[in-house]
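Enquirer: Got a predicted model here, sequence first, then my questions.
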Amino acid sequence: MQLNYLDTRELIKKCIRNDAGAQQELYYRFAPKMLSICHRYASSRDDAEDIFQEGFLKIFENLNQLKNPDLIEWWMKKIFINEALRLYNSRKRINLVEDLSVLRPVPEVAYGISEKLGTDEITKLIQKLPHRMRMVFNMYVIEGFSHAEIATMLNITEGTSKSNLHDARKILQRKISALEKIRLHG
């Protein structure tokens, strides 16, 4: 359900005034994308739903702090990722969800993966990366964060972020090559 009857600025103003209809529209407008983010970072469907619920609560509580309504999607995305990081830091581990149907497709061109592999296969390979490498890979390649932002969010150095990304790409390239050889010869 996507109502889209208000422009973003008016929608935000009404949400800040606790207009239930506007809050519902904001929710429906952004819920699918934000839930996808939650699933990608969570270790289970329940964790993803917890992150999602907490994220939307924070959005409605802090919407009046949004300085530029044109950046609402980016602002919301940061809130959900921060909620996932909060959960990660509280448990010191995070896994991707096993149900691949809830994930959005991984942009293959972003890291040069063969077109012969499907999104599910690529996602499974990413899921097998060590925890921090997976976090850095997702945040850099899929979410578009800089190494400086990743370093701050994960409490690591920029060099460690770059190293983790480099190592993750090497591991993925090696695993993809192995899969392609199996398909070609076997």
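Expert: Alright, I've got the coordinates.

Enquirer: check contacts around Thr152.
Expert: By CB atoms under 8 Å, 6 or more residues apart in numbering, the contact list for Thr152 is empty. Where C-beta positions appear, they are placed from N, C-alpha and C, glycine not excepted.

Enquirer: try it again with 10 Å
Expert: 145-146, 158, 161 (CB atoms under 10 Å, 6 or more residues apart in numbering).

Enquirer: Can you point out the buried residues in the helix or strand containing it?
Expert: Assessed by DSSP states H and E, Thr152 sits inside helix 147-154. By neighbour count, and taking 16 or more other CB atoms under 10 Å as the criterion, the buried residues in helix 147-154 are 147, 149-151, 153-154.

Enquirer: I'd like to know which of the residues you listed is nearest to Thr123.
Expert: The shortest approach to Thr123 among the buried residues of helix 147-154 belongs to Ile150, at 20.0 Å (CB to CB).

Enquirer: so the closest one sits right up against Glu158, yeah?
Expert: Yes: Ile150 is within contact range of Glu158, at 7.9 Å (criterion: CB atoms under 10 Å).

Enquirer: Which stretches in this protein count as helices?
Expert: In the chain, the helices defined using DSSP state H lie at 8-16, 20-41, 45-62, 72-91, 119-127, 131-137, 147-154, 158-185.

Enquirer: out of the ones you listed, deepest packed?
Expert: helix 131-137 (a mean of 21; mean count of other CB atoms under 10 Å).

Enquirer: Report the angle between the helix or strand bottoming out on mean pLDDT in the chain and helix 20-41.
Expert: Least confident element among the helices and strands of the chain, by mean pLDDT, DSSP states H and E: helix 119-127 (a mean of 72). Angle of helix 119-127 versus helix 20-41, following axes from the mean of the first three to the mean of the last three CA atoms, to 10 degrees, is 70 degrees.

Enquirer: could you give the angle of helix 119-127 to helix 158-185?
Expert: Using the same axes, to 10 degrees: helix 119-127 against helix 158-185 is 140 degrees.

Enquirer: Can you list the helices and strands that helix 119-127 packs against?
Expert: helix 20-41, helix 131-137, helix 158-185 (3 or more CB pairs under 10 Å, 6 or more residues apart in numbering; DSSP states H and E).

Enquirer: Does Asp50 touch His39 like I think?
Expert: No: with contact defined as CB under 10 Å, Asp50 does not count as touching His39 (11.7 Å).

Enquirer: what do the two both touch?
Expert: Joint contacts of Asp50 and His39 (CB under 10 Å, 6+ apart) are Ala84.
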